[in-house]
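A.B. asks: Below is the structure, and that's it, no one-letter string:
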């Protein structure tokens with residue numbers, strides 16, 4: 001396989017169609033060489049912070065308790081980029097407790113959670129592949145906006161980014177090119193095990209993969225969410241992370257203009273290095289925030305279990321079991337708390353009152369019936 005310097009990267013070309021020009025990207029499965037000192041230094045820093053973040057998967061007992069919160073936050077932010085309005089708190093509320101106009105967005109967020117969990121589970125048996133990407137996409141669009149836009153199938157018509165085809169600011173490649181482009185992308189994902197292996201640093205590679213996927217835009221809808229989800233799946237697949245703890249959607253959302261500008265500059269000026277620079281800064285910043293969040297979780301957990309729950313005497317074991325459930329589901333109705341504790345409502349209410357008194361739970365509805373309680377200190381960490 002020919003070695004290519006990233007400074008010589010060619011994004012692709014505009015292809016004239018009947019009434020528009022679409023962008024036809026070059027294949028990217030090549031041996032890319034990184035020579036720019038600043039990028040090499042950024043890559044080293046990003047690798048170091050990602051390693052520190054991953055270490056928390058071993059450092060924190062029962063780390064699985066906290067992963068659902070990370071996934072739910074990612075689902076709300078990634079979906080928000082596409083226009084949904086569901087908040088992190090709403091994502092933990094039962095669908096029936098939301099007003100009708102908020103339910104569709106809630107379902108989209110939960111589809112994202114289901115799609116990510118499905119993909120992670122499937123990767124225990126299969127590597128990332130076109131088949132896995134399609135099936136994940138099918139779950140993402142189940143019963144929501146886009147359900148009529150070929151869920152689980154690559155498009156068979158032209159799509160675009162913009163109000164109409166005539167004023168679109170980006171028109172992806174013709175649908176007839178998708179098969180070859182996506183096969184090349186799959187080959188690049190697993191380039192280290194090809195007949196002629198290609199070794200590209202993983203964080204450089206996933207930056208390029210994300211760019212290429214968003215440029216191909218293989219689906220009629222849901223490309224952004226699948227493209228962002230691919231980042232996490234890749235890091236797990238290549239064992240850079242043991243758990244899905246790094247998500248760049250929050251960084252992309254807060255730097256939305258720079259995100260789109262840096263993708264565009266690859267297509268217009270062939271500047272892949274600038275995109276990778278932006279991506280690595282996102283990894284560093286996000287990993288640092290993730291590390292800080294885990295440190296605060298440990299601090300909060302120690303405070304609750306060593307200082308607060310000890311005041312409950314014989315009820316400590318039941319209280320600790322409830323706390324572990326709240327790490328996974330930090331907003332619950334009284335009836336849900338009774339269910340997870342496997343006790344009758346009156347016993348659950350006594351524990352709820354204890355938790356309110358210890359400033360662990362806070363009632364959020366103001367109702368006398370059907371009350372909902374939030375583990376507010378924990379939610380605030382995210």
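C.D. replies: Sure thing, it's come through. In this text, all values refer to a predicted model and were calculated from it rather than measured experimentally.
A.B. asks: can we go C-alpha only for contacts and neighbour counts from here?
C.D. replies: Noted.
A.B. asks: What ranges does the stretch 201-350 of the chain have for its helices?
C.D. replies: Ranges of helices in the stretch 201-350 of the chain, per DSSP state H, counting those that start in this stretch, are 202-216, 223-237, 249-254, 256-269, 272-303, 316-328, 334-341, 345-357.
A.B. asks: tilt between the longest one and helix 256-269?
C.D. replies: Between helix 272-303 and helix 256-269, the angle formed by their directions is 150 degrees, by axes from the mean of the first three to the mean of the last three C-alpha atoms, to 10 degrees.
A.B. asks: Any buried residues in helix 272-303, and which?
C.D. replies: Buried residues in helix 272-303, counted by 16 or more other C-alpha atoms under 10 Å: 272-273, 275-284, 286-288, 290-291, 294, 297, 301.
A.B. asks: want to throw the helices of the stretch 201-350 of the chain into TSV with distance to residue 12 and mean pLDDT?
C.D. replies: As requested, those are arranged in TSV below (distance: least, C-alpha to C-alpha, whole Å; pLDDT from 0 to 100):
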stretch	distance to residue 12	mean pLDDT
helix 202-216	10	98
helix 223-237	19	96
helix 249-254	24	95
helix 256-269	7	97
helix 272-303	12	96
helix 316-328	45	94
helix 334-341	54	94
helix 345-357	59	96
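A.B. asks: Of the ones you listed, which is nearest residue 111?
C.D. replies: Proximity to residue 111 (C-alpha to C-alpha) singles out helix 223-237 among those, at 10.9 Å.
A.B. asks: Pull the distance from that closest one to the chain's centre.
C.D. replies: From the chain centre to the centre of helix 223-237 is a distance of 7 Å (C-alpha atoms, centre = their mean, to the nearest Å).
A.B. asks: cool, and stretch 75-84?
C.D. replies: 10 Å.
A.B. asks: Stretch 94-106 too?
C.D. replies: Averaging C-alpha coordinates over stretch 94-106 and over its chain gives two centres that are 22 Å apart (C-alpha atoms, centre = their mean).
A.B. asks: Quick one: mean pLDDT for that stretch?
C.D. replies: For stretch 94-106, the mean per-residue pLDDT is 85.
A.B. asks: What are the contacting residues of that stretch?
C.D. replies: 84-86, 90-91, 107, 144 (C-alpha atoms under 8 Å, 6 or more residues apart in numbering).
A.B. asks: Give the buried subset of the residues you listed as a ChimeraX selection command.
C.D. replies: Buried residues among the contacts of stretch 94-106 (16+ other C-alpha under 10 Å), as a ChimeraX selection:
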select :84,85,86,90,91,107
